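Student: what's the 3D shape of this:
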Amino acid sequence: MVYSICKQTNKLWKALIMTNKLNIKILVLDDDPFTLKLLARMLANMGYGQVTLCDSGRAALEQIDRADNRPDMILLDLNMPEMDGIEFVHRLAERRYAGGLILFSGEDEHMLQAAEKLVQTYKITVPGSLQKPVTPDKLAALLEKWTPSVQEGAAEAIRIRGADELRAAIANGELVNYYQPKVEPATGWVMGVETLVRWRHPTDGMVFPCEFIGVAETHGLIDDLTRVVLTGALAQAKVWQEAGLSLQLAVNVSIDNLASPDFADFVAGLAAEAGVPPQKVVLEVSESRIPMDDLRAPLETLTRLRMKRFRLSIDEFGTGHSSLVQLRGIPFDELKIDQSFVHGAWSNKTVQMKYDASLAIARQLDMEVVAVGVEDENDWDNLRRTGCDLAQGYFIAKPMPAAELPGWIETWQARMRE
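Tutor: As a prediction, this is how the structure comes out:
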């Protein structure tokens, strides 16, 4: 009886997988007709039923611009005439493409890895890359590794919000803070949280930062947005503080915030008003946004913040262009290793090498290290083995409302004891 039930369940599971494959839209882009036909046949044999073939970047973009035909996954050849794969990726980023991307090329492995890193800086999911000739088993392995997220499966629903709409949201108090824990791998202790802003839209539900942060920076609303986030986060930190929860509070700030000469005094005033010590506040700046060619304005503000005893963190390390020499001149206390160097490093020598190098740079500069993107127990064990200071990611916890944090901490502590 048990065997019969298991057998029936297995059939249903296989049928579900096949249905999902039939619903996944895949676009293959290569200028070689033979390669297009070969990949189409491979995908058909794997059960994928919605495959579009394009022999030029221009034709592929026309397909992507059709909301009803936007792909969930793109297989992209790097070497093409007229519009090569790198330019095509740039055009994808401009369109806020939210699906997956697998690169393939006749180039060597180092070139493919460099291209992968570039794609990841645009926040596009890359399960991996393949050298030509592409084989069915390697292609199948990458596709099985990739799972379409809700965002990827409904990419056409993502839209960039208007400036007036965002301005009204700020005025109406529609922005809310969520908090993601940062824990110490060596002990499991919860050391702090990162503040992550959300927009509770009256008709569209929860809207994520990718739809409105860029708008705020482009239309001069980022100072107002940062003020709302900081004010709410500091007030919440005070509540936790009074409840006996001593947590370090991290808040993301834009490079545009740092351009203001009054920003350091503004942050210090908010912290003093809330009764939160500056030493308990970490201000995170994305490395990819730091203008290394002209550091005068941000460096002045960062230095003043550091003098006021706020802690400073360089976020998404490895995605920008800073060098060891340049980092020495900026008063950062903390380095956050980007998730592309953390998740899966234990099974990928190249990724592990990048993680180790980032860790070594931080140690050389006497900076605390936070590893972002800890997705499973193997990632967690790798951080414990290498002596990383702090960890953050879905294996630990997703971002949550402030009210849920105390209960989560109890559950996490029990999990660590077990």
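
Student: Please make it C-alpha for all contacts and neighbour counts, starting now.
Tutor: OK.

Student: and the gap between the spatially most central residue of the chain and S313?
Tutor: Centrality entry for the chain: nearest residue to the mean C-alpha point is K123, 6.1 Å, by Cα atoms, centre = their mean. Here K123 is placed at a distance of 20 Å from S313 (Cα to Cα, to the nearest Å).

Student: part of a strand, is the residue nearest to the centre of the chain?
Tutor: No - inclusion of K123 in a strand is not indicated when DSSP: H, G, I helix; E, B strand; the rest coil is applied; the result is coil.

Student: What helix or strand is D224 located in?
Tutor: In this assignment (DSSP states H and E), D224 forms part of helix 222-242.

Student: In that helix, which residues are buried?
Tutor: Buried positions in helix 222-242, judged by neighbour count with 16 or more other Cα atoms under 10 Å: 222-223, 225-238, 240.

Student: Kindly calculate the angle that the helix or strand that that helix is followed by makes with helix 222-242.
Tutor: In the C-terminal direction, the helix or strand that comes right after helix 222-242 (DSSP H and E) is strand 248-252. With axes from the mean of the first three to the mean of the last three Cα atoms, to 10 degrees applied, the angle from strand 248-252 to helix 222-242 works out at 170 degrees.

Student: Can you list the strands that strand 248-252 pairs with?
Tutor: The pairing partners recorded for strand 248-252 under DSSP bridges are strand 190-201 (parallel), strand 281-286 (parallel).

Student: what about the chain, any weak spots by pLDDT?
Tutor: For the chain, the stretches flagged by pLDDT under 70 are 1-22, 67-68, 147-159, 288-289, 291-294, 318-327.

Student: How is it divided into domains?
Tutor: 2-156, 159-417 (automatic domain parsing).

Student: Buried residues in the host helix or strand of W412, which are they?
Tutor: When secondary structure is defined using DSSP H and E, the element that contains W412 is helix 405-417. Using 16+ other Cα under 10 Å as the test for burial, helix 405-417 gives 405, 412.

Student: what's next to that helix, contact-wise?
Tutor: The contact list for helix 405-417, computed with Cα atoms under 8 Å, 6 or more residues apart in numbering, reads 179, 188-190, 396.

Student: Compare the residues you listed and tell me which has the most neighbours.
Tutor: Greatest neighbour count in the contacts of helix 405-417, by other Cα atoms under 10 Å, goes to Y179: 24 neighbours.

Student: Please name the residues that touch that residue.
Tutor: Counting by Cα under 8 Å, 6+ apart, the residues that Y179 touches are 193-196, 399-402, 405.

Student: Quick one: distance of the helix or strand hosting it to the chain centre.
Tutor: For Y179, the host element (DSSP H and E) is strand 175-183. From the chain centre to the centre of strand 175-183 is a distance of 15 Å (Cα atoms, centre = their mean, to the nearest Å).

Student: what's the angle between that strand and helix 222-242?
Tutor: Comparing the axes of strand 175-183 and helix 222-242 via the same axes, to 10 degrees yields an angle of 50 degrees.

Student: rewinding a little: quickly compare the strands paired with strand 248-252 and say which is most buried.
Tutor: Counting by mean count of other Cα atoms under 10 Å, strand 281-286 has the highest mean neighbour count of the strands paired with strand 248-252, with a mean of 22.

Student: Distance from the next helix-or-strand element following it to the middle of the chain?
Tutor: Toward the C-terminus, strand 281-286 is succeeded by helix 296-307 as the next helix or strand (DSSP H and E). For helix 296-307, the distance between its averaged C-alpha position and the chain's averaged C-alpha position is 26 Å (Cα atoms, centre = their mean).

Student: Mind giving me the packing neighbours of the following helix or strand past helix 296-307?
Tutor: Reading on from helix 296-307 to the C-terminus, the next helix or strand found by DSSP H and E is strand 311-317. Applying 3 or more Cα pairs under 8 Å, 6 or more residues apart in numbering; DSSP states H and E, one finds that strand 311-317 contacts strand 281-286, helix 296-307, strand 334-337.

Student: Let me have the ones you listed in TSV, adding distance to L27 as columns.
Tutor: Listed next are the helices and strands packed on strand 311-317 as TSV, based on distance: least, Cα to Cα, whole Å:
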stretch	distance to L27
strand 281-286	32
helix 296-307	42
strand 334-337	32
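
Student: which of those is buried the deepest?
Tutor: Among the helices and strands packed on strand 311-317, judged by mean count of other Cα under 10 Å, the one packed with the most neighbours on average is strand 334-337 (a mean of 25).
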